[in-house]
Structures are given as C-alpha cells and as structure tokens.
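Chemist: Starting from these lines, generate the structure:
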Amino acid sequence: MIRLENMLPKAFLLGIVEMVNIVGPEKTLEWLEDIARRLGDIEGGGIEGAREDDINYIPISPCTTDLVEFMDMFGEPEEFKKIIEYSNHKRDISERGWEYPALTNILGVLHHWYSYRRAEISGIKLLNVGSKSPFTDEYVYNEKAMEKAGMTREEVDRYLEKGYYVYKMENIDN
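Modeler: Residues are numbered from 1 along each chain as shown. Purely as a prediction, here's the structure:
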C-alpha cells in the first residue's frame with residue numbers, strides 16, 4: 001500500500017521509469033546526474049562515510065529501504081537496468097572512465113554524482129573503485145578507477161566487506 005507519508009520516494013522512482021519511456025535512458029541518466037550535482041551544490045563541500053587514509057567508504061546503503069519497497073511493489077523495472085547499462089557504456093568508452101560510478105542499482109547514480117560533486121567542492125576527486133549491491137551482496141568494480149587509484153580487487157574487497165561504496169580520494173590538482 002502506498003501511504004501519503006511514503007509516496008514521494010515511490011513517485012520519484014516511478015518518475016524515473018516514465019522518463020526513460022518518454023526520453024530514453026540517455027537523457028534520463030543526464031537528468032539524474034544533474035539532480036545529484038545540484039543537490040551536492042546545495043549541500044556544499046564535504047565527504048560522508050568512514051575514512052582510512054585516502055580511502056572513503058560508505059558503511060550503509062542510502063535509501064535502500066525505499067528502493068526495496070518500490071521493487072516489492074513493481075519488481076525491478078527494465079528502465080532502471082537500461083540506465084545502468086548506459087552509464088556503464090559511457091564509462092567503458094570514456095577516456096576518463098575513472099570518473100564514473102561502479103553501479104549496482106539505480107540509486108547509485110544519485111549517490112555517486114552527489115558525493116562526487118560535494119568532494120569536488122572540497123578540492124577532492126573521488127574514484128569509485130567498487131560498490132556492493134545491497135540486495136545480492138555482489139561486488140561491482142570500476143576497473144578504470146582501480147587502475148588510476150593503483151588498487152587491486154583484493155584491496156577494494158577489504159572495504160566492500162565493511163561498506164557499500166568505496167572511493168579512493170585524490171586532491172584535485174593531481
């Protein structure tokens with residue numbers, strides 16, 4: 001049942017589905033990235049989560065409950081998968097593929113670009129070397145980010161055992 005107090009997250013997620021159907025995954029991905037960056041601008045500089053030296057990891061998966069409730073009602077929409085596939089394609093063909101997220105679900109788009117922008121304001125570049133699915137515990141890696149960060153899968157895995165998103169932090173002037 002959709003109650004008024006929890007309608008907004010479901011409406012937004014359903015809106016993502018409708019956007020893909022209207023304008024396609026490319027424009028929808030761009031729209032989600034813009035929303036996340038704008039929210040990052042509003043929040044301002046900073047980095048959330050835990051740190052160990054130059055590694056930042058997020059011990060919780062933000063908004064997972066909302067996504068689980070949505071998927072319990074609607075299943076996992078093909079439109080979400082199309083956005084993730086398109087983001088991965090952009091990462092794979094980009095010379096700057098290290099800037100892209102290692103995606104496990106649709107909310108990772110928002111999380112990544114929000115975090116990326118807030119760090120950028122603080123003078124830090126985040127390399128999303130890996131993520132863990134909150135649904136399956138499957139690990140997903142951004143090989144280009146790992147290469148730039150000088151990290152192996154085993155090193156990334158150590159942090160994925162403790163969290164859901166793992167970033168290598170670098171100063172912007174690097």
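Chemist: tally of neighbours for residue 78?
Modeler: Applying the criterion other Cβ atoms under 10 Å, we find 11 residues in the vicinity of residue 78. Every C-beta, even on glycine, is put in place using the N, C-alpha and C of the backbone.
Chemist: now do residue 50
Modeler: Neighbours of residue 50 (other Cβ under 10 Å): 13.
Chemist: Quick one: find the helix or strand in the chain with the lowest mean pLDDT.
Modeler: The least trusted helix or strand in the chain, going by mean pLDDT, DSSP states H and E, turns out to be helix 64-74, with a mean of 88.
Chemist: Give me the buried positions along the very next helix or strand once past it.
Modeler: Where DSSP states H and E defines the elements, the next helix or strand beyond helix 64-74 is helix 78-93. Of the residues in helix 78-93, 79, 80, 82, 83, 84, 86, 87, 88, 91 count as buried by neighbour count, 16 or more other Cβ atoms under 10 Å.
Chemist: which residues touch the fourth one?
Modeler: Read that as residue 83. Contacts of residue 83 were listed using Cβ atoms under 8 Å, 6 or more residues apart in numbering, and they are 16, 20, 25, 28, 29, 32, 106, 109.
Chemist: same check, this time on the second one
Modeler: For residue 80, the contacting residues are 16, 17, 105, 106, taking Cβ under 8 Å, 6+ apart as the criterion.
Chemist: which element is the second one on?
Modeler: For residue 17, the host element (DSSP H and E) is helix 7-43.
Chemist: By neighbour count, sort out the buried ones in the contacts of residue 80.
Modeler: Using 16+ other Cβ under 10 Å as the burial test, those include 16, 17, 105, 106 as buried.
Chemist: Now compare those and name the two farthest from each other.
Modeler: The most widely separated members of those, counting by Cβ to Cβ, are 17 and 105 (13.9 Å).
Chemist: For residue 104, give its distance to residue 27.
Modeler: Applying Cβ to Cβ, to the nearest Å, the value for residue 104 to residue 27 is 22 Å.
Chemist: if you count what's nearby, which of these two comes out ahead?
Modeler: The residue with more neighbours, out of residue 104 and residue 27, is residue 104; 22 against 12, by other Cβ under 10 Å.
Chemist: Isn't the more buried one up against residue 138?
Modeler: Yes: counting by Cβ atoms under 8 Å, a contact exists between residue 104 and residue 138, whose distance comes to 6.8 Å.
Chemist: doesn't residue 126 make contact with residue 172?
Modeler: No: applying Cβ under 8 Å, one finds residue 172 not in contact with residue 126, separated by 10.5 Å.
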